[in-house]
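[1] Have a look at this prediction, sequence included:
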Amino acid sequence: MVATLTMRVYTGTNAATESAAVSGIDLISADNATNTLANRAAYPVAPSAPSMTKHIRLHIDSAPVGAVSAFKYWMSTTKPAGGDIMSQPYGAGGASPGTGDFTPTTAGIATATSAKSAYTYTSASKGTWDATGYSAVNAVTVALHLQLQVGWFMVAGGIAQQVMNFQYDET
Amino acid sequence: MDEIQFDVLVTRPGGEVERIAMSEPKWFLRLSPALVVAYSARNGQRAQLAVQVPEGAEPVAFMRVKKSTVGAFLRIYGLGYQVDGNTVMAWLLPDGSVEVGPDSTLANAMLDEQNVQRLAR
């Protein structure tokens, strides 16, 4: 039987509240797991003010025969002019909801804290999300923090939908 | 695209061929020793892949799952061996094509094509 992994968003204190499976995330000024146009309109990101960090993990819904491991990520779309999405793996994986994370914040995560632009990573040079192997149902990977950072000169309006790819190996 | 169910065929040093279902517990621990490892589709209708394992090398087989935040998904099947700290891999793609290398660039392109189609909906 092949494993089923879903993406979850973690909110609240220490990012310990796990959402249901999501198929997309909103990089906005609020800490929630909603993915709708209305949500993005209600909680816009101001120029020069980073979005709330979004904390995502991959969750094992059904177990692999062996293990899932070697989690990597990369961007599929090109960086929007005047904006960037910073990324950083953080905390520890294991039993849901994982450990070692911090409460989502609008303070900018920066290269000084090992964050890198998600656009650094491409299909030819993928970023390491988590190198650990997991086999149990309800295990989660380490968190991956994503944060939209826009320049002061950006005008009001939406940014085209961005796409992040990820992969893992399964036995 | 339909998901293909594969078995792993292992040709032992004595010449006998063992069929291992990838759903069996610890199937990946039963690859060695092997002269040849191969994927064989259950229905017998689809492409297969076989890799000769050099003497002293350890055979490896695993699936690589690629997904995106807009729901694109594909699974590729890796087959190869490890020798002197290096891993040599061949990949069987959903369309039956085969690629050799540490990762499948064609699978990455197929994933991006799915992404484009999903964004256009």
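    Yep, that arrived. Since the model is a prediction, treat every value here as computed from it, not as a measurement.
[2] Smallest distance to chain B belongs to which residue of chain A?
    Relative to chain B, the nearest point of chain A is A:S123 (3.9 Å; Cβ to the nearest Cβ). The C-beta positions use only the backbone N, C-alpha and C, and glycine is treated the same way.
[3] quick one: that residue and A:V163 touch, right?
    No: applying Cβ atoms under 8 Å as the test, A:S123 and A:V163 come out as separate, 11.9 Å apart.
[4] which element is residue 40 on?
    Unless you meant another one, I'm taking chain A. helix A:37-42 (DSSP states H and E).
[5] think we crossed wires, I meant chain B
    Going by DSSP H and E, B:S40 is part of strand B:36-41.
[6] what comes up buried for the helix holding A:R40?
    By 16 or more other Cβ atoms under 10 Å in any protein chain shown, the buried positions in helix A:37-42 come out as A:R40.
[7] Can you report how many residues lie near A:T103?
    Using other Cβ atoms under 10 Å in any protein chain shown, A:T103 has 14 other residues around it.
[8] sorry, back to before: now for the residue of chain A closest to chain B: which residues touch it?
    Taking Cβ atoms under 8 Å, 6 or more residues apart in numbering or on different chains, we find A:S123 in contact with A:74, A:165, B:105, B:108-109, B:112.
[9] Contact partners for the residue of chain B found nearest chain A?
    Of chain B, the residue with the smallest distance to chain A, taken as Cβ to the nearest Cβ, is B:N108 at 3.9 Å. B:N108 makes contacts with A:123, A:165, B:66, as judged by Cβ under 8 Å, 6+ apart.
[10] swap in A:D61?
    Counting by Cβ under 8 Å, 6+ apart, A:D61 has contacts A:3-6, A:21, A:137.
[11] Could you find the closest non-adjacent residue to the residue nearest the centre of chain B?
    Nearest residue to the geometric centre of chain B (Cα atoms, centre = their mean): B:Y77, 2.1 Å. Nearest residue to B:Y77, sequence neighbours excluded (Cβ to Cβ, 6 or more residues apart in numbering or on different chains): B:L92, at 4.3 Å.
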